[in-house]
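No sequence on hand, only this structure:
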C-alpha cells in the first residue's frame, strides 16, 4: 500500500461544558471526537457516515484545524498539522480544502462569484493579478458553470449552482484532499445526482482524495471506495464500501443500513427492519463499556463493562465484542 | 364516498415580481384509511396543496383562485371560519416538517397537548391531561406522566416529533396531513416515526396524506402515490404500479437519479436544467424543457391533462398517451 496522504492518529476533540455567568466552571466534557485513527490514500474517496451528533462534522473541522484538537495528530503528507504554527497551517490549507453543507450559508452574499473564486488565488499568490480572470473562468468551467456568470451574486443562482461555486472555491488552489461535509443533503434528488457526478469526475480527473460526509448511506455507497461508520465520536466499522453497506457486521451499521427506506415497494414491505430504541445518548455522559450497548439488540453483560477496540475482522475493521458470534 | 375530494385546486401567489402559480389545477380523492403519498422536488407545490386545504396559506400574497375540497360534505375552501375551526385540529390534523420550530417553546408540552381537546371537546382539564398522558405513552414516550410537564427544549428531535404526532392524533382525526415529518430526522429515528404513524393509522383508521421528496419512504408506507411537478400532478397510481411501471418521463427520471438504483461507479442519471419559473408559465408541458423525449407538440398548446392508462393509473405525458413511449 502506498503512503497515505492524510493520517489521523488517535484524534480527540473535546469541548468543555461550562456553567455560570461570571465564574465559569467546567462541569463536563463533550467528547465529540474520541480517539479516531484513519488513513486516506491518494485518489481515494472515503465516506464517513453516522447520525447527527456522532461527531462526523467535528472530525472534519478538526482535520481542517478549524477547531483545536485536544489530543492526537493530523498528518498531511508527513506534516503534523496539530503541531504547526498558524502561518504553517495557512500554507497547508492549499492542500486541504472543505465544501460545506449549506450552499446558501457558505457563500458570502455580498461577493460576486469572481470575488469569491479570486480570493484564494490572490491570497496564495497562485497567479499574477492580470491572469486571475482567466483562472476563475477556467475554474467555473471545471465545475460546469458558464464563465459569463462571473459577475453575478450567489442569490442569482439555484442551490445546485451555488454548491458548484462552493466546490470551485475549494478546488481553486488545486488541493490534494477535499473534505465535503454533507454537500448534497440540502439539494433535491435530481440536483443531488448532478453534484455527485461532478465530485466523482473531479476525483477521477484531478486525482483528489475526498472525504465525503453524509448521513445518506445510498449516496455514500455510490461515491465511496471505503466507508467509516461513526457512533458517539468513535469509528465502529471501517472497510470497503460495498462490503460494509451490503454485509454490515457491527450491530449499529446493521441497524443504520436496515433503516434506509428503499424505493422498491415489495422489498420494502417484506424485509425485516431493525428499529433501534431511543435516541443516540448524550456525548457528555457516554455509556460505559461499548457506547452502543443501551440501544444494541445483541448486548450482553460484558458489553456494559468492556470497551471494544477497532479490530481487523473479515476484511474490515469492527469494534464489537460479539463480532464473531453474530 | 371518499373522505376528501379535491377538484381543480389552484393557489397562486401575487407578488411584486409576478404571479406564482404554486398549485395549478390539482385534483385527487382520498378514501378513509388510505395513505396517499405526494412526491415532488422543492417548489413543486406539494406543501402549498396541503396548506391550502388547512387554510394555512397566507392571504395576501396567496390566493385560492379556484377549486373545491369536499371533506365529508363540507367544502374546506369555501366554508365559514367557524366551520373551518370545528374541522381543523379535530377531524383533520397536520404534522409539520420541523419539530424544532413547530412547538411553542414557551409552553409546557402538557398545555400544548391538551389545547385541541379543551377547544374541541367538552372535557375537564384533569380528563384532558389523563388522555394526553395516554397519548404520549401511545407514541412511545416512556415515563409520560412526569415528562408531560417538560418544555420542548428538554426533548430531542425525534421525541419532539413524537409529541407533535401525539398532539395531532389526540382528537382521533379522520385525516392526517404529514408534511415531510421525517425529513429533519436521522434515518434510525425516521424508521421509528414511520412505524409509529403506521401503527396509529391502524388503530384510529384515519386517512393519511404523506408529503415527501424521498421515494424510499413512500414505497413502504403509501397505498397510492402522486408525483407533482411545477404545481401539477403529472402521474398518479397505486404504489406498485408507480414504482414498477412508471410512465411519465419525470417519474422515470426521478427514479433513475436515486443513487441506490444504480450500480456503483457508474455515472448517475441526471435531469438536465432546472425546475421552471412558476411566475412565467410556458406553453405546453412544464417538464418539456428538461425532457429528453419532448417534441414540438409538447412545447405548444395548453398544459397536458391527466389521462387514465389503466385502472387508477393516470399520467399527463402526451407522447405516452399517444403510445409513442
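Cool, got the structure. Quantities reported herein were computed from a predicted structural model and do not represent experimental measurements. Numbers count the residues shown, from 1 in each chain, chains lettered A, B, ... in the order given.

Go through chain A and flag its longest strand.
Across chain A, the longest stretch assigned as strand under DSSP state E is strand A:25-40.

Could you list the buried residues of that one?
Within strand A:25-40, the residues scored as buried using 16 or more other Cβ atoms under 10 Å in any protein chain shown are A:30, A:31, A:32, A:33, A:34, A:35, A:36, A:38, A:39, A:40. Backbone N, C-alpha and C define where each C-beta goes, glycine included.

Show me which of these is closest to chain B.
Closest approach to chain B among the buried residues of strand A:25-40 (Cβ to the nearest Cβ): residue A:30, at 15.2 Å.

Would you mind confirming that the closest one makes contact with residue A:15?
Yes - using Cβ atoms under 8 Å, residue A:30 is in contact with residue A:15, at 4.5 Å.

quick revisit: please tabulate the buried residues of strand A:25-40 in a markdown table, including the columns pLDDT and distance to residue A:212.
Converted to a markdown table, those look like this (pLDDT from 0 to 100; distance: Cβ to Cβ, whole Å):
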| residue | pLDDT | distance to residue A:212 |
| --- | --- | --- |
| A:30 | 85 | 25 |
| A:31 | 86 | 24 |
| A:32 | 88 | 19 |
| A:33 | 90 | 17 |
| A:34 | 89 | 22 |
| A:35 | 89 | 22 |
| A:36 | 92 | 16 |
| A:38 | 92 | 13 |
| A:39 | 93 | 16 |
| A:40 | 94 | 11 |
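
tell me the centre residue of the chain?
As the question left the chain open, I've gone with chain A. In chain A, the residue lying closest to the centroid (Cα atoms, centre = their mean) is residue A:213, at 3.1 Å.

Can you look at chain B instead?
In chain B, the residue lying closest to the centroid (Cα atoms, centre = their mean) is residue B:211, at 2.8 Å.

Quick one: name the residues of the stretch 51-200 of chain B near chain A.
B:156-159, B:186-192, B:194-195 (Cβ under 8 Å from any Cβ of the partner chain).

how about residue 278, what does it touch?
All of this is about chain A. The contact partners of residue A:278, by Cβ atoms under 8 Å, 6 or more residues apart in numbering or on different chains, come to A:294, A:295.

sorry, should have said chain B
So residue B:278 contacts B:20, B:21, B:22, B:43, B:230, B:231 (Cβ under 8 Å, 6+ apart).

returning to what we had before: name the residues linked to the residue nearest to the centre of chain A by a beta bridge.
Residue A:213 forms beta bridges with residue A:48, residue A:181, as assigned by DSSP bridges.

And the pLDDT for the closest residue in space to residue B:43 that isn't next to it in sequence?
Nearest non-adjacent residue to residue B:43, counting by Cβ to Cβ, 6 or more residues apart in numbering or on different chains: residue B:275, 5.7 Å away. Looking at residue B:275, its pLDDT is 80.

So which bits of the stretch 1-150 of chain A are right by chain B?
Residues of the stretch 1-150 of chain A lying near chain B by Cβ under 8 Å from any Cβ: A:51, A:52.

So which residues of the stretch 1-150 of chain A form helices?
Read by DSSP state H, counting those that start in this stretch, the stretch 1-150 of chain A holds these helices, from start to end of the chain: A:56-63, A:86-92, A:113-123, A:132-142.

Chain B too?
With helices called from DSSP state H, chain B shows them at B:46-54, B:81-87, B:109-120, B:125-138, B:144-147, B:157-169, B:187-204, B:215-221, B:239-244, B:249-256, B:318-321.

Reformat those helices as a markdown table; add mean pLDDT.
Shown next, in a markdown table, are these (pLDDT from 0 to 100):
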| stretch | mean pLDDT |
| --- | --- |
| helix B:46-54 | 91 |
| helix B:81-87 | 89 |
| helix B:109-120 | 90 |
| helix B:125-138 | 90 |
| helix B:144-147 | 86 |
| helix B:157-169 | 85 |
| helix B:187-204 | 85 |
| helix B:215-221 | 88 |
| helix B:239-244 | 92 |
| helix B:249-256 | 90 |
| helix B:318-321 | 88 |
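
got those as JSON lines, with distance to residue A:26 columns?
Output for the helices of chain B, formatted as JSON lines (distance: least, Cβ to Cβ, whole Å):
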{"stretch": "helix B:46-54", "distance to residue A:26": "44"}
{"stretch": "helix B:81-87", "distance to residue A:26": "52"}
{"stretch": "helix B:109-120", "distance to residue A:26": "31"}
{"stretch": "helix B:125-138", "distance to residue A:26": "35"}
{"stretch": "helix B:144-147", "distance to residue A:26": "28"}
{"stretch": "helix B:157-169", "distance to residue A:26": "27"}
{"stretch": "helix B:187-204", "distance to residue A:26": "30"}
{"stretch": "helix B:215-221", "distance to residue A:26": "42"}
{"stretch": "helix B:239-244", "distance to residue A:26": "53"}
{"stretch": "helix B:249-256", "distance to residue A:26": "50"}
{"stretch": "helix B:318-321", "distance to residue A:26": "65"}
